[in-house]
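>>> Quick one: sequence plus predicted model below, questions after.
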Amino acid sequence: MLIEGHDDQKLRRVGARIKSRVDQASNAADGARGGSSQFIPALFYPAGNSDYAQALTLKRALIEKHDGKSLEEVTPGTELVTERGTCYRVQTEARVGIHTIPPKQAKERLLSDFKLLPGIRETTEHALKERGYRSIADLVEHDRFGAQALHFLELVETRNSGELIEWVGRRFPRSYPLALQTSGFYTPDQLLFVDVESLGLFASPIIIIGVAAAVDETLTVSQYVARNVGEEPAALAALLSHVNASTALVTFNGRAFDVPFLEQRFAYYRIHGNLQRAHFDMLQFARRRWRGLTPDFKLTSLEKHVIGARHSDIPSALVPEFYETYLRTKNAGPLLAIIDHNRHDLIALAHIFSKICEG
């Protein structure tokens, strides 16, 4: 309870604590720009943890192998100049056939589920279909449900996937299969697979932004690497060059992490970018598809189940530690491991999307 005369003091103390935390996060980012090694080490790995031990063994091997070599020598790429500075772009290709849902199938399945309309549950749906209604399009003239049916039909006809995903999400869980059906309104080359690597949680710098797009049977992976934290704005600007009005995003836990994180970093640097569009977060659909078949729903666990385990990878939690080692030692080996990790995540994401769309 706040007592009159003391409430302002308490509020000021709370505000001071919040400001202190924000300043600490900003100072950490500024320190990284100057080459500081003040990063939080692998807090989630207690001494003796096998994954941590394997990762440290990998890090030592990479440091020894790439001693004295720059990133440009270790992995082919180009220095990309943007209006927000420079970063390093690494482009690779992988053979991944992206299977998408046929547009006709997507339309038919969306219009066949009457429960998408407010006020309709299974009993009402059954009664309506008994009376001869076969599609939401048939309900346009219905006295009670006509207005909502017309609105939904317009969204389907115009292939407004963003609004349709939100519509489905209001009626069912976000993992409901009909939400993924709307991806059928996009061609494979309009789908942008996105994955970021950062130095921690929100307010921490992003160090790699990986995107992938498919043409025929080829997945082209573009990775924008911050060789120091000062190159983060250039990587953010480079991402936006892949986004246009027809782009849909495909992520893994991107609704909770990647997209809000990117938008926060855009705001931090006053970069104007809009990532609010159709967004297919495959973590939600994977949980429904493979519940009980995998030990957990980490991307690497699903990858092992769907396409086989990757080799010589680092856990996501160790990305900050590997990047800190890269900055401190000027050895590109640990950064190369992060780049490889990000690329494998994008390829795994594309495979998982394709597998779930196959049905």
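Received, thanks.
>>> Next one: Gly169, what pLDDT does it get?
pLDDT, Gly169: 93.
>>> give the contact list for it.
If you count contacts by Cβ atoms under 8 Å, 6 or more residues apart in numbering, Gly169 has them with Tyr176, Ala179. To be clear about C-beta, it is placed using only N, CA and C from the backbone, and glycine gets the same treatment.
>>> And Phe261, by the same measure?
Residues near Phe261 by Cβ under 8 Å, 6+ apart: Val196, Ser198, Phe202, Ile206.
>>> Please indicate which of those residues are buried?
Taking 16 or more other Cβ atoms under 10 Å as the criterion, what is buried in the contacts of Phe261 is Val196, Ser198, Ile206.
>>> who's the first one bridged to?
Put plainly, it is Val196. Counting by DSSP bridges, Val196 forms beta bridges with Ile209.
>>> Let's see which of the contacts of Phe261 end up in helices.
Of the contacts of Phe261, none are assigned to helices by DSSP state H.
>>> Among these, which one sits closest to Tyr269?
Nearest to Tyr269, judged by Cβ to Cβ, of the contacts of Phe261 is Ile206 at 10.6 Å.
>>> Could you verify my assumption that that closest one touches Ala226?
Yes: in this structure Ile206 lies within contact range of Ala226 using Cβ atoms under 8 Å: 7.2 Å.
>>> Identify the contacts common to those two.
Common neighbours of Ile206 and Ala226 (Cβ under 8 Å, 6+ apart) are Glu232, Ala235.
>>> Could you export the buried ones among the contacts of Phe261 as CSV, including pLDDT and distance to Pro102?
CSV is the format used below for these (pLDDT from 0 to 100; distance: Cβ to Cβ, whole Å):
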residue, pLDDT, distance to Pro102
Val196, 97, 31
Ser198, 96, 37
Ile206, 97, 36
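>>> of those residues, closest to Ala248?
Ranked by distance to Ala248 (Cβ to Cβ), those are led by Val196 at 17.5 Å.
>>> Please name the residues that touch the closest one.
By Cβ under 8 Å, 6+ apart, the neighbours of Val196 are Ile206, Ile208, Ile209, Gly210, Asp258, Phe261, Leu262.
>>> Farthest pair within the residues you listed?
Across the contacts of Val196 (Cβ to Cβ), the longest gap, 13.4 Å, separates Gly210 and Phe261.
>>> Among the contacts of Phe261, name the ones in strands.
Among the contacts of Phe261, the ones falling in strands (DSSP state E) are Val196, Ser198, Ile206.
>>> how about the nearest residue to the second one, chain neighbours excluded?
Put plainly, it is Ser198. Sequence neighbours aside, Ile206 is the residue nearest to Ser198 in space, at 4.8 Å (criterion: Cβ to Cβ, 6 or more residues apart in numbering).
>>> For the one you found, give me its contacts.
By Cβ under 8 Å, 6+ apart, the contact set of Ile206 is Val196, Glu197, Ser198, Leu199, Ala226, Glu232, Ala235, Leu236, Phe261, Leu262, Arg265.
>>> now do 10 Å
By Cβ atoms under 10 Å, 6 or more residues apart in numbering, the contact set of Ile206 is 196-199, 224, 226, 229, 232-233, 235-236, 239, 258, 261-262, 264-265.
>>> I am finished for the moment; much appreciated.
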